[in-house]
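S.K.: Turn this into a model:
(chains A and B)
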Number of protein chains: 2
Amino acid sequence: MKTPPGFTGADALLATAAAAGIEVCFANPGTTEIPLVAAFARQRAIRPVPCVFEGVCSGAADGYGRVAGKPAMTLTHLGPGFANAIANLHNARRGRSPVVNVIGEHATWHLPFDAPLCADIGSLARPVSAYVGTIDSPAAVSAKTRDAIAAARVPPGQVATLIFPVDFQQAPASAKLEAPFPVPAASIPDAARIDVVAARMRRSPTALLVLGGSGLTTRGQRAAQRLAAHCGARLVSETFPSTSDRGGGLPSVLRLPYFPEPAIALVAAHDPVVLAGALEPVTFFGYAGIPSCIARTGTTLMLARPEEDAAGALETLADALGAPAVPNGGRVEAPPAPRPEAPLTPDGVMAALVPRIAEHSVVVVEGGTLGYPYFASAAAARRHRAICLSGGAIGFAPPAALGAALADPGRPVLALTGDGAALYTAQALWSMAREGLPVVLCIAANRTYNVVRTELTRAGTAVTGHAATLTSLENPPVDWVSLARGYGVAGERTPTFQTLCAAVDRALASRAPHLIELTL
Amino acid sequence: MKTPPGFTGADALLATAAAAGIEVCFANPGTTEIPLVAAFARQRAIRPVPCVFEGVCSGAADGYGRVAGKPAMTLTHLGPGFANAIANLHNARRGRSPVVNVIGEHATWHLPFDAPLCADIGSLARPVSAYVGTIDSPAAVSAKTRDAIAAARVPPGQVATLIFPVDFQQAPASAKLEAPFPVPAASIPDAARIDVVAARMRRSPTALLVLGGSGLTTRGQRAAQRLAAHCGARLVSETFPSTSDRGGGLPSVLRLPYFPEPAIALVAAHDPVVLAGALEPVTFFGYAGIPSCIARTGTTLMLARPEEDAAGALETLADALGAPAVPNGGRVEAPPAPRPEAPLTPDGVMAALVPRIAEHSVVVVEGGTLGYPYFASAAAARRHRAICLSGGAIGFAPPAALGAALADPGRPVLALTGDGAALYTAQALWSMAREGLPVVLCIAANRTYNVVRTELTRAGTAVTGHAATLTSLENPPVDWVSLARGYGVAGERTPTFQTLCAAVDRALASRAPHLIELTL
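M.R.: Below is the predicted model:
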């Protein structure tokens, strides 16, 4: 390709990224990203999506990556702008979601002067990034961009961060780009490992399959169902399953419980504990007197690590054990509908929502209040995909819903979250309104940081005084309908089953973003 | 002191901090901070203030530190919670504001299991912290706490970060605490340096005094006025003055311009350029073909570094030059009032606000739209203190106003910011409502990232297409009155001078937080 006049380092980055399949950039640029902003006009294969807070950029890229199976870009401004993206990048890292961050940096010749916005971007980026690179010459743009994208596409996905000094963005560059790389497939666990699992399962009727990664795809779950039917194995998912197919005849795969006692009790009844795309389960926090590892020593067997082809390994295992095919499961009963005027309960919310989950839609899950009843009843819905907060950094659902909606245009997205979490990144509503996306954001407004209250009670601390006020969102009560309106999004408050059903129907019919504050 | 029963590491931290003068903790705790939450009930000298986003905690601590002259604590949850605080800690670092961050960490025995919320907190903290410590045993709590606070109190202030594993928070501790340390005074520049400046100023009628740090206290400005009157020196402040006294007869000290050409032109007319509490001025960004250093080589003289006693150095210098005392300046004319029904302009906004700035109140300044006209007219107000965004990380003003109001209870706080910046940390409104603070938050709603548009134009990029959409807040328009209501704060939109005056009067009379969206 002949280099067109005015082709800059910024063009080289965008053209290389476009050739590698990147289509969307969640952006909050500043002055050190101006050549990239200008280059979007010339490199039209990548569409920039403005976000009014960087935590929205990163959460959206996470949601996009999980649904599209390939990375979006984020574009943020120097160290402080990138810093705002870190919490949701932590979630992306834990969820093994592919993300490519591009951060504008001061001109290399300006860096020694330690201007006010200077900061050590690498130190900020390393805790959340599998790859951190700095473009160190105009000639290096395309190769470094390719390296970053290749790192992000290591299956199932990684966070890669590229620091791009503005003088190299602006410098003339060659349009001779690095060839796109072949995207690697997930590696297949070696046969010996599968043989060990098969031998143990042949001798034991009490196997537990802990599914994660591609073990939670439709293909993975089908193979797991064969093992369950043939060997009596029980199926659970890891506690925070990054991405899972649900409903439409798939089994009801509950999550390993969050709290250690029920998790340990569940696992203790099983041997072996076969990890199929999941890591060795550990407690979310340390609890004095309770082991960090949930399974007894010697009971776990790694069939496939999260980054490996767990679905393929489950199929090979099912074949090895002679497990026959099983018919597609029938439709599971939806949760029973309460009286129309009944005050809402979490189960009542699911009775309204589950029948309204559209085929092939995406459900974004954050928080326990709606998360537990959702996973308990998701099998009754039409086939859809669930993406779940995976790193514990709250503020995931609103931006992840934005990203999911852009990854699969036209498919409705239902996001379930709590008020405490949604307050972190409510700015995502603005981008949803701007893009006109069909997202229904349901906020369980219990006006507390409820999980912290539960943990306080566990720890023997009375939820009174400061312990109450530090976990309360009651004073003043947050008015979510007003917040939604502030960001240009329609909202309503639904105190009963009937009003919720009507609100969801209206929201889905509108094909526009809609916030529903659930009075719980 | 005899150790009371149930005295834990968490008690030891809070008691040590209280003995060192800490009174307020801006908190967003989670499960790994539960013993600290519980200890607030026993160690009552420190008041926890709940914030619904960690960027509010850190911005509030910055505002508090600048007004109180001593640190507040922040309490955040593990790496991802702390990450949300980083951007405003960057501002605190650049503003030399004292802040003590306490971060709960997993139990030490749980850390090796790499639970979902594990992250390298130290790597996140170092870019914004002069001190990063980890409490590594229950016996070390008091000493490490003292070290962190001592680091924060190195004049004029630093950011100190302390990582506190939850098992050591919970462990029984001794109430034998480290003795409070003497807070050091700012060091006085040595006489030789002052002599060099005096010799140069004696020979030159074109000196420029660049004031920063304590050079912008009332005492510093009084001494600078003597030098201006006696030697013909011109006074400017650094471009982003962290904290400065304004009005009530103090001189009108304009800021060194933000853009390099006017800054260079201003400085070029002067020799020597005497730095009194300010660093060598550098351009905010690098601009091709323009030097990073604003002053010509050989013209700058360091009278006092920002961390030194610039006010004392200016007095010594004025004495050395025989500059006599000057009378307190008279009242400067306020900006002329426009017609009541005139549409608002930035100058019109100041005509309404400046006469309404109460004696000894605090004005928080972020962004250029209101920042420039404010500094140009602040001398006409009653005596007050201005605190200004110092690190370029937007989202400073709402939380800094929260912190400033708590640092000086009862004194009104006026915060000036732009819509783009305020969208970052609007959650501060919730804490203002909760605490019932007399804050008037004025938002210049020009519905653009205007500074980026200016920089785009400078760089020769037309503000059309993506360059326009990536800098626009127009679609949808943010409705600030609804956002304020969402957080429990009264708000109104003022399109004219008359409606603005009435709104500010109502806001000040309410003694409660009030948001004013300025239609500009």
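S.K.: Then residue A:443 would be within a strand, right?
M.R.: Yes - residue state for residue A:443 (DSSP: H, G, I helix; E, B strand; the rest coil) corresponds to a strand.
S.K.: Is it in contact with residue A:426, as I believe?
M.R.: No - with contact defined as CB atoms under 8 Å, residue A:443 does not reach residue A:426; the gap is 9.2 Å. C-betas here are computed from N, CA, C, even on glycine.
S.K.: so what pLDDT did the nearest residue to residue A:114 once chain neighbours are set aside get?
M.R.: Counting by CB to CB, 6 or more residues apart in numbering or on different chains, residue B:282 is the residue found nearest to residue A:114 once chain neighbours are left out, at 7.5 Å. We note a pLDDT of 98 for residue B:282 in this prediction.
S.K.: Pretty sure residue A:115 is one of the things residue B:282 touches, is it not?
M.R.: Yes - Residue B:282 is within contact range of residue A:115, at 5.4 Å (criterion: CB under 8 Å).
S.K.: Alpha carbons only: can I get the helix or strand containing residue A:143 in CSV?
M.R.: Residue A:143 belongs to helix A:141-152 when assigned by DSSP states H and E. C-alpha atoms of helix A:141-152 as CSV (Å, rounded to 0.1, in the frame of the first residue of the first chain):
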residue,chain,number,x,y,z
VAL,A,141,3.7,1.9,15.8
SER,A,142,2.3,-0.9,13.7
ALA,A,143,4.5,-3.7,15.3
LYS,A,144,3.7,-2.6,18.9
THR,A,145,0.0,-2.3,18.0
ARG,A,146,0.0,-5.8,16.6
ASP,A,147,1.8,-7.0,19.7
ALA,A,148,-0.7,-5.5,22.0
ILE,A,149,-3.7,-6.9,20.1
ALA,A,150,-2.0,-10.3,19.9
ALA,A,151,-1.6,-10.2,23.7
ALA,A,152,-5.3,-9.3,24.1
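S.K.: State the mean pLDDT of that helix.
M.R.: What helix A:141-152 shows for mean pLDDT is 97.
S.K.: Counting by contacts, list what it packs against.
M.R.: Helix A:141-152 is packed against helix A:9-19, strand A:99-105, strand A:131-134, strand A:159-165, with contacts defined by 3 or more CB pairs under 8 Å, 6 or more residues apart in numbering or on different chains; DSSP states H and E.
S.K.: related to what we said a few turns ago, bridging residues for the residue nearest to residue A:114?
M.R.: residue B:293 (DSSP bridges).
S.K.: what about it, distance to residue A:226?
M.R.: Applying CB to CB, to the nearest Å, the value for residue B:282 to residue A:226 is 67 Å.
S.K.: One more: residue A:132?
M.R.: With distances taken as CB to CB, residue A:132 is found 42 Å from residue A:226.
S.K.: got it, and residue A:97?
M.R.: The gap separating residue A:97 from residue A:226 is 29 Å, by CB to CB.
S.K.: what do you get for residue A:246?
M.R.: 19 Å.
S.K.: Who has more neighbours out of these two?
M.R.: A count of neighbours by other CB atoms under 10 Å in any protein chain shown puts residue A:246 above the other of residue A:246 and residue A:226, at 26 against 22.
S.K.: where does the nearest residue to that one once chain neighbours are set aside land in three-state SS?
M.R.: Nearest residue to residue A:246, sequence neighbours excluded (CB to CB, 6+ apart): residue A:378, at 4.1 Å. Classification of residue A:378 using three-state DSSP returns helix.
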